[in-house]
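Participant: quick one, structure for this:
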Amino acid sequence: MTSAPGATALTTGTETADAVVVGAGHNGLVAANLLADAGWSVTVLEASDAPGGATRTEEITEPGFLNDLGSAFHPMGYVSPVLRGLDLGEHGLVWSHPHEPLAHVLPDDRGVLLSRDLDVTAASVDRFAPGDGDAWRRLADEWQQLRDPLIAAFLGPFPPVKDAATVLRTLGGPDALRLARRMLLPATRFGQEEFRGEGARALIAGNALHTDLGVTQTASTAFGWLLSMLAQDVGFPVPVGGSRSIARALVARLASRGGAVHSRRPVTRVLVEGGRAVGVVDAEGGVVRARRAVLADVPAPLLLRDLVGDEHLPARLVADLERFQWDDAILKVDWALSGPIPWTAPEARAAGTVHLGGDVTGLVDFGADLDAGRMPANPFMLLGQMTLADPTRSPAGTESVWAYTHLPHSREHSDAELDEQVRRMTAWIEHHAPGFSDLVLRRTVSRPADLQARNPSLVSGALMAGTAQIHQMLVFRPTPGLGRPDTVVDGLFLAGATAHPAGAVHGAPGANAARAALARAGRLGRIYAAGIRAGHRLVYGAADERRRVLAGR
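Facilitator: The predicted model follows:
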């Protein structure tokens, strides 16, 4: 076994710590850091060969070309109060910006640019329909009024009473209702209500597809609008040296506080005694006892059903976990290029992120194919020009590029289907950038199974650890319950993206889990635990008691 940089050497037999964190994704590392800040001893166990989870970077194409294995652009991480509060810059994290955050290239090769310069964005959308620039300005002005309380409400513990009240005071009741309505709109409907032209509508709809929400689905506006306004406000920044720089900074910070991260040490079981999590067992039978808490940056279905076991769970929770819905599978391609992509649309030449493969009508068809379990005939792609965003990603004059598209998660995909989809992706790029293929030094295709093999939490390539559809968010995440990181096993906390507020690199699930663990171990811990137990009885207990009564008849 090996330890990550800054980790302590492994020991044999039984180890003990105040807290054990299962999984060294960025959320697990955030949780570990916050507990260490509170004076706890913390041990982090990671199944893979390095920490980071979906924030890892390796040379998987050509030597000298850095390729992000999961997340790449990080607007949520850049504004996250959690990550900002950890002062990761003191531990090596440096941010870099592409010239422009985002371009959406339509099938007819017209491009629309989302710039951090509001005048540039307004002029770009105005070219599609005069007046859309002013409409975009109104949205940007509103965002500036609401940004801080909205981000705090989205990323804080559930329910966000204080920050939601701030939004309510800022807007007033009638406009707060209108904002709530907007967030629930399909992105297509929002585009129709706010804009006249295809450019602005495509920006909102394309950004909605950074999740698994189709553009006609309820609440797709919430994500399309949020990412569009973040791009307008702070851009789509990247960590210098790759997304691994986030994990490295978190590991270094934890090590400076005495925390340990052990790689290649998968956990096979959570120890439960008297209804409480008291530690974990690793794959070689080693035991780490937890004096205070176990926190898991592991998808809830894997944690609760595989590592804890159905025998420790209410029957209704087991049934709910069987209904858990993963987000779309992902097919990703990384390229090492001998030069920049020769886009014919000028907007794409300056943008770190490029959307390809559909106008709004095409995005509707793309979502319909996924809903029907069909392989989309015209794959919508998110493409990252990483050297444009961060010159350290590849040798001078070259370009490190990735693109991914969504696949239906509901079925298996044959090798022939996946190969054909890669061909279609390449053809779309070649369509908008003739000569692209001549620049390819090497490519690496990551199929859904490959993504899961690198990171077991990416089940069949599901990047968000569960759908972002409204029926599995807020109090429904990961299952109908309290919307809290506390599980039905006392002392066991969900610290990963299956917990509220879901995916993206912002550290909120880890921070929320750490706060819950601290509250449970605090002076009022017994009262806190009693309240959580009462909530869980309301959600699960009555149903289980009714089943027992019926079974006894």
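Participant: give the rounded mean pLDDT of stretch 322-335.
Facilitator: When pLDDT is averaged along stretch 322-335, the result is 96.
Participant: same deal with stretch 344-359?
Facilitator: Stretch 344-359 comes out at a mean pLDDT of 96.
Participant: buried set for it?
Facilitator: 345, 347-359 (16 or more other CB atoms under 10 Å). C-beta: built from backbone N, CA, C; applies to glycine.
Participant: take these and write them to JSON lines, including distance to Ala129 and secondary structure.
Facilitator: Formatted as JSON lines, the buried residues of stretch 344-359 follow (distance: CB to CB, whole Å; DSSP: H, G, I helix; E, B strand; the rest coil):
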{"residue": "Ala345", "distance to Ala129": "18", "secondary structure": "coil"}
{"residue": "Glu347", "distance to Ala129": "16", "secondary structure": "helix"}
{"residue": "Ala348", "distance to Ala129": "21", "secondary structure": "helix"}
{"residue": "Arg349", "distance to Ala129": "24", "secondary structure": "helix"}
{"residue": "Ala350", "distance to Ala129": "23", "secondary structure": "coil"}
{"residue": "Ala351", "distance to Ala129": "21", "secondary structure": "strand"}
{"residue": "Gly352", "distance to Ala129": "26", "secondary structure": "strand"}
{"residue": "Thr353", "distance to Ala129": "23", "secondary structure": "strand"}
{"residue": "Val354", "distance to Ala129": "22", "secondary structure": "strand"}
{"residue": "His355", "distance to Ala129": "19", "secondary structure": "strand"}
{"residue": "Leu356", "distance to Ala129": "22", "secondary structure": "strand"}
{"residue": "Gly357", "distance to Ala129": "22", "secondary structure": "coil"}
{"residue": "Gly358", "distance to Ala129": "19", "secondary structure": "coil"}
{"residue": "Asp359", "distance to Ala129": "14", "secondary structure": "coil"}
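Participant: closest one of those residues to Ala529?
Facilitator: Checking the buried residues of stretch 344-359 against Ala529 by CB to CB gives Thr353 as the nearest, at 44.1 Å.
Participant: who's in contact with His536?
Facilitator: Counting by CB atoms under 8 Å, 6 or more residues apart in numbering, His536 makes contact with Pro314, Gly481, Leu482, Val488.
Participant: now for the residues you listed: which two are most distant?
Facilitator: Every pair of the contacts of His536 checked by CB to CB; the farthest is Pro314 and Leu482, at 13.3 Å.
Participant: which one of those two has more residues nearby?
Facilitator: Neighbours were counted for Pro314 and for Leu482 using other CB atoms under 10 Å; Pro314 has more, 19 against 16.
Participant: and the chain, what are its domain boundaries?
Facilitator: What the record gives for the chain is the domain set 14-56+244-324+464-547, 95-238+328-454, from automatic domain parsing.
Participant: now for those, which one comes closest to Arg84?
Facilitator: Closest approach to Arg84 among the domains of the chain is made by domain 14-56+244-324+464-547 (9.6 Å; CB to CB).
Participant: pLDDT weak spots in this protein?
Facilitator: Counting by pLDDT under 70, the ranges of the chain that qualify are 1-13, 542-553.
Participant: would you tell me which helix is longest in it?
Facilitator: For the chain, the helix with the greatest residue count under DSSP state H is helix 132-155.
Participant: show me the contact partners of that one.
Facilitator: Against helix 132-155 from outside (CB under 8 Å, 6+ apart): 76, 79-82, 118, 121-123, 125-126, 160, 163-164, 166-167, 170-171, 179, 194-197, 199-200, 225-226, 228-229, 232-233, 501, 506, 508, 511.
Participant: returning to what we had before: nearest to Glu412 among the buried residues of stretch 344-359?
Facilitator: Nearest to Glu412, judged by CB to CB, of the buried residues of stretch 344-359 is Gly357 at 23.2 Å.
Participant: so what's the residue nearest to that closest one when sequence neighbours are not counted up against?
Facilitator: Of all residues not flanking Gly357 in the chain, Phe380 sits nearest, at 4.1 Å (CB to CB, 6 or more residues apart in numbering). Applying CB under 8 Å, 6+ apart, we find Phe380 in contact with Gly206, Leu209, His355, Leu356, Gly357, Gly358, Gly362, Leu363, Phe366, Thr405, His406.
Participant: most tightly surrounded among the domains of the chain?
Facilitator: For the domains of the chain, the largest average neighbour count (mean count of other CB atoms under 10 Å) is found in domain 14-56+244-324+464-547, namely a mean of 21.
Participant: got the phi and psi for the residue nearest to Pro266 when sequence neighbours are not counted?
Facilitator: Nearest residue to Pro266 in three dimensions, chain neighbours excluded: Ala47, at 3.6 Å (CB to CB, 6+ apart). The phi/psi pair for Ala47 (degrees, to the nearest 10) reads phi -70, psi -30.
Participant: same deal with Leu331?
Facilitator: Here is the backbone geometry of Leu331 (degrees, to the nearest 10): phi -120, psi 120.
Participant: that one reaches Trp402, doesn't it?
Facilitator: No: Leu331 is not in contact with Trp402 according to CB atoms under 8 Å; the separation is 11.3 Å.
Participant: Leu382 pairs with what?
Facilitator: Going by DSSP bridges, Leu382 is paired in beta bridges with His355, Tyr404.
Participant: where do the strands of the stretch 351-500 of the chain begin and end?
Facilitator: 351-356, 381-385, 399-407, 440-446, 492-494 (DSSP state E, counting those that start in this stretch).
Participant: that older thread, enumerate every residue touching the residue nearest to Pro266.
Facilitator: The contact partners of Ala47, by CB under 8 Å, 6+ apart, come to Gly23, Arg264, Arg265, Pro266, Val267, Pro456.
Participant: looking at it, the fifth one is touching Val44, isn't it?
Facilitator: No: under the contact definition of CB under 8 Å, Val267 does not touch Val44, with a separation of 10.5 Å.
Participant: would you mind measuring from Gly541 to Phe324?
Facilitator: From Gly541 across to Phe324, the span is 21 Å (CB to CB, to the nearest Å).
Participant: please apply the same query to Pro456.
Facilitator: Where Phe324 is concerned, Pro456 sits at a distance of 16 Å (CB to CB).
Participant: torsion angles phi and psi at Ala19?
Facilitator: Main-chain torsions, Ala19, degrees, to the nearest 10: phi -140, psi 140.
Participant: quickly list what it is bridged to.
Facilitator: For Ala19, the beta-bridge partners under DSSP bridges are Val42, Ala293.
Participant: any idea where the strands of the stretch 101-250 of the chain begin and end?
Facilitator: Along the stretch 101-250 of the chain, counting by DSSP E, counting those that start in this stretch, strands occupy 111-114, 238-239.
Participant: first-to-last residue distance for stretch 302-316?
Facilitator: Counting by CA to CA, to the nearest Å, you get 17 Å between the two ends of stretch 302-316.
Participant: ok, and what's touching it?
Facilitator: With contacts defined as CB under 8 Å, 6+ apart, stretch 302-316 is touched by 22, 267-270, 272, 275, 277, 280, 296, 298, 317-318, 321, 456-457, 459, 487-489, 492, 494, 536, 539-541, 543-544, 547.
Participant: could you do stretch 177-190 as well?
Facilitator: 146, 167, 171, 193, 201, 204-205, 208, 213, 215-222, 224-225, 360, 364, 470.
Participant: and if we set it to 7 Å?
Facilitator: The contact list for stretch 177-190 (CB atoms under 7 Å, 6 or more residues apart in numbering) reads 171, 204-205, 208, 215-222, 224-225, 360, 364.
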